[in-house]
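Participant: Predicted model and sequence follow; I will ask about them next.
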Amino acid sequence: MREKIIKILTELRPEFDFNEDVDFIDEGMLDSFDVVNLVTELDSTFEISIDGVDILPENFASIDSIEKLLIKNGAK
Amino acid sequence: MHKIDSYNQIRTLVSQIRSLRKGFVTNFYWDDNKHNYWIDEGGFLYEEYKDCVLLIHNNHSFSNLFFIATDYDAVVSALQTMNWDCTQVIDIVCKGDGITERNAFKSIGFEDYMSLYRMSHVGQMVVSDTILDSSVCYGSVEDSNIINEVFQRDFDPLCEQLPSLREIQDFADRRQLLIVKDGEQLCGFLIYEITGFTWYLRYWYTSPKYRNKGVGAKLIKTALVLGKETKRQLFWVISDNENAIKRYEHYGFRREDMNDYVIIKRK
């Protein structure tokens, strides 16, 4: 799952290294526009529909938080 | 229509639409600084429909419309049910020409108004003169009033979501407002933001009297020097503003395939 997440993030914003241990939101690697596009990609890749109430910046701040979000929303 | 009272309420509306699992389209991208003011001021409203929620920000003579919906047909159906007494403005942000989306709105009386595209530079910006120009300084909260007047006078509110006076004051407070003055006269200003690795140019303006005198160059160079540690620099530009685009290209910015089509339905 982590590899798929990193692949999606890298395709979205190829200029950044998402393996870095930084906060993707605080560091400006993902903005609100990217998050909406990311949700669409994650939905499609993991065949889920991320709950709108979970679309919070902190849930997209790291690979760990995205992974948790996906699991919560039924991704396998 | 109902007042939006918090970001959480918008998230709940998003959740309702997404739970239908029939698709998801939106042109609403949350901005902490801007949208919290809209909510505070009580002018940010919503209306629910089948498969669609419309968010409405009322300005003096027009409304900015945002949608959260399963698809564009749902948005069009929702718009048809409302009686509007002012001009409606919708931004469609997408890759490519957005022709399918625009045609959906044109079928109910919208027309193309303007288009913008995103320009960016990836990597640290090499600025030849790294010495900050002494004629460029941070704008104060007091300067905000003058800058607000410039926005009202010289910018097009239909194609750019202009900042309110409070937002301009916040930019000044956060030292994101650069100005050049000639005595008490404002020659130009630039508003930028830095979020971590990303530098975002919001507005860049030179008063007509001071154009072609290097004011704009001083402002942008200073802003780029202040953001020299960033790895990505970006902004939106009006697509037919050829002079500005040439200047941006001069600084190494390139067009992205990310477009904002502003469409309007006149009263």
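Facilitator: Done, it's in.
Participant: can we go C-alpha only for contacts and neighbour counts from here?
Facilitator: Fine.
Participant: tell me which element the residue of the stretch 1-150 of chain B at minimum distance from chain A is part of?
Facilitator: Per CA to the nearest CA, residue B:15 is where the stretch 1-150 of chain B lies closest to chain A, at 3.6 Å. Element membership of residue B:15 [criterion: DSSP states H and E] is helix B:7-19.
Participant: now for the very next helix or strand once past that helix, which elements pack on it?
Facilitator: Counting by DSSP H and E, the next helix or strand C-terminal to helix B:7-19 is strand B:25-26. Here strand B:25-26 touches strand B:62-69, going by 3 or more CA pairs under 8 Å, 6 or more residues apart in numbering or on different chains; DSSP states H and E.
Participant: Please compute how far the strand it packs on lies from its chain's middle.
Facilitator: Centre-to-centre, strand B:62-69 and its host chain are 14 Å apart (CA atoms, centre = their mean, to the nearest Å).
Participant: Check which element follows it along the chain.
Facilitator: Using DSSP H and E, the helix or strand that follows strand B:62-69 in sequence is helix B:72-80.
Participant: near chain A at all, that following helix?
Facilitator: No: judged by CA under 8 Å from any CA of the partner chain, helix B:72-80 stays clear of chain A, getting no closer than 15.8 Å.
Participant: Adjacent strands (with direction) for the very next helix or strand once past that helix?
Facilitator: Downstream of helix B:72-80, the next assigned helix or strand under DSSP H and E is strand B:87-94. Strand pairing for strand B:87-94, determined by DSSP bridges: strand B:62-69 (parallel), strand B:254-265 (antiparallel).
Participant: near chain B, which residues of chain A show up?
Facilitator: A:15, A:26-29, A:32-33, A:36, A:49-55.
Participant: how about a cut-off of 6 Å?
Facilitator: A:26-28, A:32-33, A:51-53 (CA under 6 Å from any CA of the partner chain).
Participant: which two of these lie the greatest distance from each other?
Facilitator: Longest distance between any two of these is 24.6 Å, between A:27 and A:51; criterion CA to CA.
Participant: still on that earlier bit, let me have the residues of chain A next to chain B in TSV, extended by secondary structure.
Facilitator: Formatted as TSV, the residues of chain A next to chain B follow (DSSP: H, G, I helix; E, B strand; the rest coil):
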residue	secondary structure
A:26	coil
A:27	coil
A:28	coil
A:32	helix
A:33	helix
A:51	coil
A:52	helix
A:53	helix
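Participant: Of the residues you listed, which is the nearest to residue B:241?
Facilitator: residue A:33 (23.7 Å).
Participant: burial measure for the closest residue to the residue of the stretch 1-150 of chain B closest to chain A other than its chain neighbours, as a count.
Facilitator: Distances taken as CA to CA, 6 or more residues apart in numbering or on different chains put residue A:52 closest to residue B:15, at 3.6 Å, once the chain neighbours are dropped. Residue A:52 is flanked by 19 other residues according to other CA atoms under 10 Å in any protein chain shown.
Participant: Going by neighbour count, which residues in the helix or strand bottoming out on mean pLDDT in chain A are buried?
Facilitator: Sorting the helices and strands of chain A by mean pLDDT, DSSP states H and E puts helix A:32-46 at the bottom, at a mean of 92. The neighbour-count check on helix A:32-46 (16 or more other CA atoms under 10 Å in any protein chain shown) flags A:32, A:35-36, A:38-43, A:46 as buried.
Participant: and these as JSON lines, adding distance to residue B:194?
Facilitator: Output for the buried residues of helix A:32-46, formatted as JSON lines (distance: CA to CA, whole Å):
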{"residue": "A:32", "distance to residue B:194": "15"}
{"residue": "A:35", "distance to residue B:194": "18"}
{"residue": "A:36", "distance to residue B:194": "21"}
{"residue": "A:38", "distance to residue B:194": "22"}
{"residue": "A:39", "distance to residue B:194": "24"}
{"residue": "A:40", "distance to residue B:194": "26"}
{"residue": "A:41", "distance to residue B:194": "26"}
{"residue": "A:42", "distance to residue B:194": "27"}
{"residue": "A:43", "distance to residue B:194": "30"}
{"residue": "A:46", "distance to residue B:194": "33"}
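Participant: Looking at the residues you listed, which one is closest to chain B?
Facilitator: When those are compared for distance to chain B (CA to the nearest CA), residue A:32 wins out at 5.5 Å.
Participant: Name all residues that make contact with the closest one.
Facilitator: residue B:29 (CA atoms under 6 Å, 6 or more residues apart in numbering or on different chains).
Participant: Tell me how far it lies from residue B:61.
Facilitator: Distance, residue A:32 to residue B:61, by CA to CA, to the nearest Å: 28 Å.
Participant: Now do the buried residues in stretch B:188-197.
Facilitator: For stretch B:188-197, the neighbour count (16+ other CA under 10 Å) marks B:188-197 as buried.
Participant: From those, list the ones also adjacent to chain A.
Facilitator: B:195-197.
Participant: Out of those, the closest to chain A would be?
Facilitator: Using CA to the nearest CA, the shortest approach to chain A within those belongs to residue B:196, at 3.5 Å.
Participant: pLDDT wise, what is the closest one at?
Facilitator: Looking at residue B:196, its pLDDT is 90.
Participant: if we can go back for a sec, residue A:27 and residue A:51: which is more packed in?
Facilitator: Taking neighbours as other CA under 10 Å, residue A:27 and residue A:51 compare with residue A:51 leading, 20 against 16.
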